[in-house]
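Colleague: Kindly generate the corresponding structure for this input.
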Amino acid sequence: MRSFLKSLLLAAAFLMINPVFSQTFTRKDSLQGGMRFERACYDVQRYDINIRINPSEKFLSGYNEITLKTVETTSKIQLDLFDNMKIDSIIWNAKRLTYKREFNAVFVEFPEAILKDSTQRIQFYYSGKPVIAPHAPWSGGFIFSKDSVGNHWIGLAVQGTGASLWYPCKDSQTDEPDLGATIKVAVPNGLMDVSNGKLIGSEDLKDGYTRWDWEVKNPINNYDLTINIGDYVHFGENYKGLDLNYYVLRENEEKARKQFEVVKPMMDCFQSKFGPYPFPEDGYKLVDTPYLGMEHQSAVAYGNKYKMGYLGRDLSGTGVGMNFDYIIIHESGHEWFGNSITSTDVADMWIHEGFTMYTEVVFAECIYGYDKAMQYLNGIRQSIGNTDPVVGQFGVNHEGSNDMYPKGAWLVHTIRSIVNDDAKWWPMLLEYTNTFRHKIITTEDVEQFFSKKTGYNLRPVFDQYLRYTNYPTLELRKYKKKVQYRWKTDVDDFEMPFDLKIVANQKTMRLNATNNWQSFKFEVKTTRNVEIQVQNFLFRVERLN
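Modeller: Residues are numbered from 1 along each chain as shown. Model (predicted):
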């Protein structure tokens, strides 16, 4: 997660200088974002990372053992590691493999053809000073800082920048290690590393370092694998069968014990609406970090400074957002949307961020009621910029606009409003999370699922909201003795209902509009006699006369 508000401000500043947004892509972009044969020919089964971090030198060394299964016969594969990191050796069956580097891509060559459906293990040894984040989590990398008493405090956030910034991997959302991962991190004595999954042990290495060993049982996004190093204290509990663990700086324990109590009602809410927590074998963690936050699977990064809202501000501008800790709710929502259900390409990141921003609305509805939730949702409407499409360009590591957050959430609510029956909507959303649990999907998968379940052809709706910047416009006009209405859109065959109130008698009703003119089947002398209800849909109204 990168805060949509901060990203929106940065984008706005850029657009003031560059009123016409344009983007060109390079070979480097396609090597990181594309799927050529050298990537598609194998499936990652497991990562076993074993590294040592020297905080004073900001230096990392170690290896990743990559277990893979070939899906095509090949003698060459692409792995990824940032080019500022040194490759010490790549070992396969006790043989040193040759390789060629091109930007951050590492093309590894085998001395013989590896047959289809063959399982192989590669030990990839590396070292170096990894990229330090210019502005985490928006610009990724390591965060080397210290706590208030001078202890090293280190975080990591690499979403968008690339997981290969700190470990060799297939750096693509198309492939997660099916059999999970281990993350073993040696740090100076007195410090602790907290990574994903469950702690399986620690060992004093007798050289001034202690190694902390963590294991993830579930598939996991590359950018979700993480490390957190500090003078941590631990507390937690088993809540209704789910392990809740909290790792916070010693100085923050008292505040954390109070602030993190929201996790229990949040879990009750989310599990009732989205289904069981997706990674029970790995448990749930909140970890104190020196940056704002990130949805690292089973090790959610928390840096909201123990304030309500977003660093003490309400993103909705309504006051509702000050009732809860934004980072806890939003980043935990990603466990279902982004971590369990993952987009194939970062161009479809709205699948992560739009649904997750809607989890904030769902939490508000669970705790404070429907009216407050709708107040919050309508408040975040103001953050929609409509400068660029929500969906980015595919195959070049390009995300769409930051409207993926609020506009994506509004698309989800628009589907709910089309259904217009919560007795059907909540089971539908639950079926969505269950159907695509632990799966990697596309916008087309989402669209086809909800089209089938709602009975609407939602393809034009998805296209209009995600691939164009204009809202649908409901046009009204007086024609002879009647008022007519239609949708004006960039796409063809757009169909969506809308709600209205007749001013004269305050009667409300729902009509279904298309791109073709239709007439009200009741007497209305002027378009001003009709009040269009817009609080549950995202569209404009234009009265032509």
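Colleague: where does the protein dip in pLDDT?
Modeller: For the chain, the stretches flagged by pLDDT under 70 are 1-22, 525.
Colleague: and the residue nearest in space to the middle of it, helix, strand or coil?
Modeller: Taking C-alpha atoms, centre = their mean, the centroid of the chain lies closest to H352, which sits 3.7 Å from it. Secondary structure, DSSP: H, G, I helix; E, B strand; the rest coil: H352 is helix.
Colleague: swap in P389?
Modeller: What three-state DSSP gives for P389 is coil.
Colleague: Which residue is the nearest non-sequential neighbour of it?
Modeller: Once flanking residues are discounted, P389 sits nearest to R467: 5.1 Å by C-beta to C-beta, 6 or more residues apart in numbering. The C-beta positions use only the backbone N, C-alpha and C, and glycine is treated the same way.
Colleague: quick one: contacts for the one you found?
Modeller: Contacts for R467 (C-beta atoms under 8 Å, 6 or more residues apart in numbering) come out as 389-391.
Colleague: One more pass at 10 Å, please.
Modeller: Going by C-beta atoms under 10 Å, 6 or more residues apart in numbering, R467 touches 389-391, 400, 443, 490-491.
Colleague: where exactly do the strands run in the stretch 401-545 of the chain?
Modeller: All strands of the stretch 401-545 of the chain, identified by DSSP state E, counting those that start in this stretch, fall at 439-441, 473-479, 482-488, 496-502, 507-513, 518-519, 530-533, 540-543.
Colleague: could I get those strands as CSV with mean neighbour count?
Modeller: Shown next, in CSV, are those (neighbours: other C-beta atoms under 10 Å):
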stretch, mean neighbour count
strand 439-441, 16
strand 473-479, 17
strand 482-488, 18
strand 496-502, 18
strand 507-513, 13
strand 518-519, 13
strand 530-533, 16
strand 540-543, 14
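Colleague: export the ones you listed to TSV and tack on distance to I183?
Modeller: Putting the strands of the stretch 401-545 of the chain into TSV (distance: least, C-beta to C-beta, whole Å) gives the following:
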stretch	distance to I183
strand 439-441	21
strand 473-479	51
strand 482-488	50
strand 496-502	46
strand 507-513	52
strand 518-519	59
strand 530-533	51
strand 540-543	49
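Colleague: Which of those strands sits closest to K116?
Modeller: strand 439-441 (21.3 Å; C-beta to C-beta).
Colleague: list the helices and strands that closest one packs on?
Modeller: Secondary-structure packing of strand 439-441 (3 or more C-beta pairs under 10 Å, 6 or more residues apart in numbering; DSSP states H and E): strand 341-343.
Colleague: Please state the offset of the strand it packs on from the chain centre?
Modeller: Centre-to-centre, strand 341-343 and its host chain are 8 Å apart (C-alpha atoms, centre = their mean, to the nearest Å).
Colleague: before we move on, the earlier item: of the contacts of R467, which count as buried by neighbour count?
Modeller: The neighbour count (16 or more other C-beta atoms under 10 Å) marks 389-391, 400, 443, 491 as buried among those.
Colleague: Which member of those residues is positioned nearest N50?
Modeller: Among the buried ones among the contacts of R467, and counting by C-beta to C-beta, the member closest to N50 is G400, at 36.5 Å.
Colleague: you'd agree the closest one is up against V391?
Modeller: Yes: counting by C-beta atoms under 10 Å, G400 touches V391, with 4.8 Å between them.
Colleague: Quickly list what's touching both of these two.
Modeller: Residues touching both G400 and V391 (C-beta under 10 Å, 6+ apart) are 347-350, 408, 466-467.
Colleague: PyMOL command for the buried members of those?
Modeller: To isolate the buried members of those in PyMOL, using 16+ other C-beta under 10 Å:
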select buried, resi 347+348+349+350+408+466
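Colleague: Make a markdown table from the shared contacts of G400 and V391 and add distance to L538 to it.
Modeller: Shown next, in a markdown table, are those (distance: C-beta to C-beta, whole Å):
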| residue | distance to L538 |
| --- | --- |
| A347 | 21 |
| D348 | 19 |
| M349 | 19 |
| W350 | 14 |
| G408 | 11 |
| L466 | 12 |
| R467 | 15 |
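Colleague: where along the stretch 101-250 of the chain do the helices fall?
Modeller: Assigned helices in the stretch 101-250 of the chain: none (criterion: DSSP state H, counting those that start in this stretch).
Colleague: of all the buried ones among the contacts of R467, which comes closest to L81?
Modeller: G400 (27.1 Å).
Colleague: which residue sits closest to that closest one, ignoring its sequence neighbours?
Modeller: Among residues not flanking G400 along the chain, G392 sits closest, at 3.9 Å (C-beta to C-beta, 6+ apart).
Colleague: Over to L97?
Modeller: I90 (4.5 Å).
Colleague: and the one you found, that's in a strand?
Modeller: Yes: the assignment for I90 (three-state DSSP) places it in a strand.
Colleague: neighbours around it, how many?
Modeller: Neighbour count for I90, taken as other C-beta atoms under 10 Å: 22.
Colleague: how about V361, what does it touch?
Modeller: V361 makes contact with 316, 320, 370, 372-377, 380, 409-410, 412-413, 416 under the criterion C-beta under 10 Å, 6+ apart.
Colleague: should've said V390
Modeller: Applying C-beta under 10 Å, 6+ apart to V390 gives the contacts 347-350, 353-354, 384, 399-408, 411, 443, 462, 465-469.
Colleague: what are the phi and psi values for it?
Modeller: V390 adopts backbone torsions of phi -70, psi -40, taken as degrees, to the nearest 10.
Colleague: State the distance from it to M192.
Modeller: Distance of V390 to M192, computed by C-beta to C-beta, to the nearest Å: 40 Å.
Colleague: and if you look at D117?
Modeller: 41 Å.
Colleague: So between those two, which is more surrounded?
Modeller: Shown here are D117 and M192; by other C-beta under 10 Å, M192 has more neighbours (18 against 10).
Colleague: Looking at neighbours, which among the contacts of V361 is most surrounded?
Modeller: Within the contacts of V361, most neighbours by other C-beta under 10 Å means A409, with 29 neighbours.
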